[in-house]
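J.: Turn this into a structure:
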Amino acid sequence: MVQNKLVNVKGHDLYIEYNNSFENKPTIVFLHDSLGCVQLWRDLPSKLSEATECNVLVYDRLGYGKSDPMPTSIRPTNYMELESDALNDLLNVLNIHNAILLGHSDGGTIALITASKYPEKVKAVICEAGHIFVEDVTLKGIYEAWEAYKTTNLSDRLKKYHGDKVEMLFKAWTETWTRDDYRQWNVEYLLKGVRCPLLFIQGEADEYGTLDQLEKTLSQVSGKTEKYIIPDAGHTPHKEVPDLFFKRAKEFIDTIKVNFHFNISSGLFFVLFLKIFSFKNSFQL
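T.: The predicted model follows:
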């Protein structure tokens with residue numbers, strides 16, 4: 001069943017698009033970037049859902065798209081950890097316990113944090129151009145985006161997707177990342193808790209982060225890892241090289257699905273074995 005609606009999560013309405021038509025299959029959860037939203041994923045969620053026969057959830061975080069606005073543009077340094085808590089609350093509301101998290105940029109970071117903090121709900125992570133610490137190149141990219149916001153029609157283009165929330169969310173992104181106290185932000189201490197399979201995708205020409213983000217992430221998580229570095233691609237491979245991104249994401253999810261079905265089948269077999277064993281013993285004197 002496809003649901004496009006607002007869901008109340010701890011007093012805030014979050015907009016979701018949720019297709020849970022595939023019974024006993026994982027749910028791919030899409031997590032957008034700092035200026036993104038449900039609409040900006042275009043048709044990728046539906047295509048990936050159809051190709052992998054997985055359920056799919058796409059949602060706007062608080063302050064984005066069709067969700068409620070942020071109460072303030074001032075964010076604490078741990079705002080992405082708080083976003084992982086909000087995602088966990090949303091998964092609880094929707095009764096999702098078998099998520100494959102697919103996140104871009106901030107969304108990729110939130111996916112990693114969620115997998116670490118709530119491992120019982122996360123079966124795998126696809127992290128696209130996520131960050132685990134602040135780099136000079138990150139700040140350079142943000143300052144350039146800030147200048148584009150002031151001198152081009154970027155604001156008008158964003159209003160198409162975020163309405164009158166644009167000013168607030170743009171300030172929240174740029175002013176947080178460029179604050180002096182945020183320069184020390186780092187979530188490497190959480191990576192050991194990521195035990196599920198992880199695919200990290202990054203463009204070799206990413207204008208917001210070096211490949212240290214990818215390499216240091218993969219070296220510190222506890223689960224099986226794969227990397228896909230795409231030559232000549234920048235910060236948004238899913239838009240810049242959509243066919244390459246789609247093919248690699250599908251291959252990874254198909255592998256996760258095989259293991260997911262094996263675990264379900266093994267569990268059902270074990271339950272059946274216990275029932276038969278108990279039934280036989282009940283007839284023994």
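
J.: For the rest of this, base every contact and every neighbour count on C-alpha atoms.
T.: Noted.

J.: what about Asn8, which SS state?
T.: Classification of Asn8 into helix, strand or coil gives strand, according to DSSP: H, G, I helix; E, B strand; the rest coil.

J.: Which strand or helix spans the residue nearest to the spatial centre of the chain?
T.: The C-alpha lying nearest the average C-alpha coordinate of the chain belongs to Gly103 (Cα atoms, centre = their mean; 2.9 Å). When elements are assigned from DSSP states H and E, Gly103 belongs to strand 99-104.

J.: Next: Leu62.
T.: According to DSSP H and E, Leu62 maps onto no helix or strand at all.

J.: Who does the strand holding Gly103 pair with, and is each partner parallel or antiparallel?
T.: Here the strand partners of strand 99-104, with direction, are listed using DSSP bridges: strand 27-31 (parallel), strand 122-128 (parallel).

J.: Any chance of these in JSON lines with mean neighbour count and distance to Asp136 as columns?
T.: Putting the strands paired with strand 99-104 into JSON lines (neighbours: other Cα atoms under 10 Å; distance: least, Cα to Cα, whole Å) gives the following:
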{"stretch": "strand 27-31", "mean neighbour count": "26", "distance to Asp136": "24"}
{"stretch": "strand 122-128", "mean neighbour count": "27", "distance to Asp136": "19"}
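
J.: Quick check: buried residues in stretch 178-192?
T.: Along stretch 178-192, these residues count as buried under the neighbour rule (16 or more other Cα atoms under 10 Å): Thr178, Tyr182, Arg183, Val187, Leu190, Leu191.

J.: List phi and psi for His12.
T.: Here the main-chain torsion angles of His12 (degrees, to the nearest 10) amount to phi -120, psi 140.

J.: Please list all residues in contact with it.
T.: By Cα atoms under 8 Å, 6 or more residues apart in numbering, His12 lies in contact with Leu62, Asp68.

J.: Check Asp206 too.
T.: Residues in contact with Asp206, defined by Cα under 8 Å, 6+ apart, are Ala129, Ala233, Gly234, His235, Thr236.

J.: Check what pLDDT the third one gets.
T.: Spelled out, that is Gly234. Looking at Gly234, its pLDDT stands at 98.

J.: number of nearby residues for it?
T.: Neighbours of Gly234 under the rule other Cα atoms under 10 Å: 20.

J.: mind checking how far it is from Asn78?
T.: 26 Å (Cα to Cα, to the nearest Å).

J.: repeat for the second one
T.: With the distance defined as Cα to Cα, Ala233 ends up 29 Å from Asn78.

J.: Ok, the last one next?
T.: For Thr236, the distance to Asn78 equals 24 Å [Cα to Cα].

J.: No more questions from me, cheers.
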